[in-house]
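>>> Got a predicted structure plus its sequence, pasted below:
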Amino acid sequence: MKSLFLLLLCALLAGAASGQSAHQRLLDEQNERIIPRYLLQDPNGRAVSNDDFRGRFQLITFGYTYCPDICPTTLVDMAAALTRLGDKAARLQAIFITVDPERDSGEVLRTYTAFFDPRILGLTGSPALIRRAADNFRIRYAKVVNADGTPENYAVDHSAGMILLGPDGVFIEKFAYATPVDTLVETLSPLLAAP
């Protein structure tokens, strides 16, 4: 009986380990499918693409200014990382891409991102260009109309986290939502310090 229990326990543990491996493989496959490209507009209406930041790292997050909690938390963490990186942050462009172009004009984005850190660049664009950028980065989002049913009273359900691109524009890593600032800085600091 005891040996049967041990055999079952080993089988369960092996299954859990293979499940974790399968989960990690799924995450790796999703990340490999990220196409690090976008063509959007900065707060001045100037066209901006991923190629404009060649030679610098890009730390990108998607969200919207009416977001009640996830986006402000992410931008607080992004701003804290920029501050803690000190002079090394000059090699990093922090970017906030809206998934709510109807409400997030360039001016709205400028005010919003400056509240957290003026180095964070807010980008917007037409709904089609926003959708293309989000699809390229494997970001899911959808408008959710609130219970009162008024069209202008809506939220946007969206993927969270930050995506890091290298100075060559290649995808490096996706940081999950609420990754500790210490972890962000520990990951970014050596990359930004390298020649």
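In hand now; what should we look at? Residues are numbered from 1 along each chain as shown.
>>> Quickly note the distance from residue 103 to residue 112.
11 Å (Cβ to Cβ, to the nearest Å). For glycine as for every other residue, the C-beta is placed from the backbone atoms N, C-alpha and C.
>>> any shared contact partners between those two?
residue 65 (Cβ atoms under 8 Å, 6 or more residues apart in numbering).
>>> more neighbours, those two?
When residue 103 and residue 112 are compared on other Cβ atoms under 10 Å, the one with more neighbours turns out to be residue 112, at 23 against 14.
>>> Which strand or helix spans the nearest residue to residue 89 once chain neighbours are set aside?
Spatial nearest neighbour of residue 89, chain neighbours left out: residue 82 (4.7 Å); criterion: Cβ to Cβ, 6 or more residues apart in numbering. Assigned by DSSP states H and E, residue 82 falls within helix 70-85.
>>> Show residues contacting that helix.
59, 61, 63-65, 89, 92, 94, 96, 113, 116-117, 119-120, 158, 160-162, 177-179, 181, 184-185, 188-189, 192.
>>> Quick one: buried ones out of these?
59, 61, 63-65, 89, 92, 94, 96, 113, 116-117, 119-120, 158, 160-162, 179, 184-185, 188-189, 192 (16 or more other Cβ atoms under 10 Å).
>>> how much space is there between the closest residue to residue 184 other than its chain neighbours and residue 155?
Distances taken as Cβ to Cβ, 6+ apart place residue 81 nearest to residue 184, at 4.4 Å, with adjacent residues excluded. Residue 81 sits 26 Å away from residue 155, going by Cβ to Cβ.
>>> Just the contacts of helix 70-85: which are in strands?
In strands, defined here by DSSP state E, the members of the contacts of helix 70-85 are 59, 61, 63, 92, 94, 96, 120, 158, 162.
>>> so the fifth one makes contact with residue 119?
Yes. In this structure, residue 94 is within contact of residue 119 by Cβ atoms under 8 Å, at 5.8 Å.
>>> so residue 112 touches residue 63, yeah?
No. Using Cβ under 8 Å, residue 112 is not in contact with residue 63; the gap is 9.7 Å.
>>> Identify the contacts common to those two.
residue 96.
>>> pLDDT wise, what is the residue nearest to residue 184 at?
Per-residue confidence for residue 81 comes out at a pLDDT of 98.
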